[in-house]
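K.L.:
no sequence for this one, just the structure:
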């Protein structure tokens, strides 16, 4: 009986604490922080595509071109951990009208360039060594975690300023932060170029600077509840 009474008292005390928490005067606001930074790296996805009527010949020719591409990448001083093969395929594209087999071999390579000054020379050399497709070009920052921290701090400050504006109009003040919820999506915007045919390389490269770096925008979003002080 005594044990049952203790459990009942504990239950009602917990309910009382929850009720007290629910009735605390507070304000909840959203805050956003944005940091714009110049990227210092670029990730390039390129591929070699080879076509022919004999599967073995097509694969051999494609492998030979890729070998030349990889040697050129190494020659440009790109560290081995900064490039890798991301796709290898050999497909039969059968022509039902001509009743003929055509084979397509594709090998894709992703390269992280940590020195943007190498971009133009690297791209020209890749074309010369056999690359005939560009998938994506994505700008990045080597200090992205530092920039995310700055964005989060800016988001908290923005939330606090909003709360002060609202309660100040009521003649009140905000107290301590009661809850903080991070609503940030783990990504950031940056320039990106999709599926550019390398047959246009002469117009794209043209012997001049071709890289418009722009800026990366790092964003953080939070929801903060502040206690109110009369």
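P.N.:
Right, received. Where do you want to start? In this text, all values refer to a predicted model and were calculated from it rather than measured experimentally. Numbers count the residues shown, from 1 in each chain.

K.L.:
off-centre distance for stretch 88-96?
P.N.:
33 Å (Cα atoms, centre = their mean, to the nearest Å).

K.L.:
list the buried residues for the biggest strand by length in the chain?
P.N.:
Identified as the longest strand of the chain according to DSSP state E is strand 216-229. Residues 216, 218-222, 224-226, 228 are the ones in strand 216-229 that count as buried (16 or more other Cβ atoms under 10 Å). Every residue, glycine included, has its C-beta placed from N, CA and C.

K.L.:
and the longest helix belonging to the chain, what other elements does it pack with?
P.N.:
Ranked by number of residues, the top helix in the chain under DSSP state H is helix 144-168. The contact analysis (3 or more Cβ pairs under 8 Å, 6 or more residues apart in numbering; DSSP states H and E) places helix 144-168 against strand 26-37, strand 173-182, strand 216-229.

K.L.:
and these as TSV, adding distance to residue 133 and mean pLDDT?
P.N.:
Listed next are these as TSV, based on distance: least, Cβ to Cβ, whole Å; pLDDT from 0 to 100:
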stretch	distance to residue 133	mean pLDDT
strand 26-37	30	95
strand 173-182	39	95
strand 216-229	25	95
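
K.L.:
returning to that earlier point: now do the longest strand of the chain against helix 144-168, angle only.
P.N.:
Per axes from the mean of the first three to the mean of the last three Cα atoms, to 10 degrees, the angle that strand 216-229 makes with helix 144-168 is 40 degrees.

K.L.:
got the buried residues for stretch 113-130?
P.N.:
Quick answer for stretch 113-130 (16+ other Cβ under 10 Å): 113, 119-120, 122-123, 125-127, 129-130.

K.L.:
okay, the residues you listed in TSV with pLDDT and secondary structure next?
P.N.:
Formatted as TSV, the buried residues of stretch 113-130 follow (pLDDT from 0 to 100; DSSP: H, G, I helix; E, B strand; the rest coil):
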residue	pLDDT	secondary structure
113	95	strand
119	90	helix
120	89	helix
122	93	helix
123	91	helix
125	93	helix
126	93	helix
127	91	helix
129	91	helix
130	90	coil
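
K.L.:
nearest to residue 83, of those residues?
P.N.:
Closest to residue 83 out of the buried residues of stretch 113-130 is residue 113 (9.3 Å), distances taken as Cβ to Cβ.

K.L.:
so that closest one touches residue 122, yeah?
P.N.:
Yes. If you go by Cβ atoms under 8 Å, residue 113 and residue 122 touch, sitting 6.4 Å apart.
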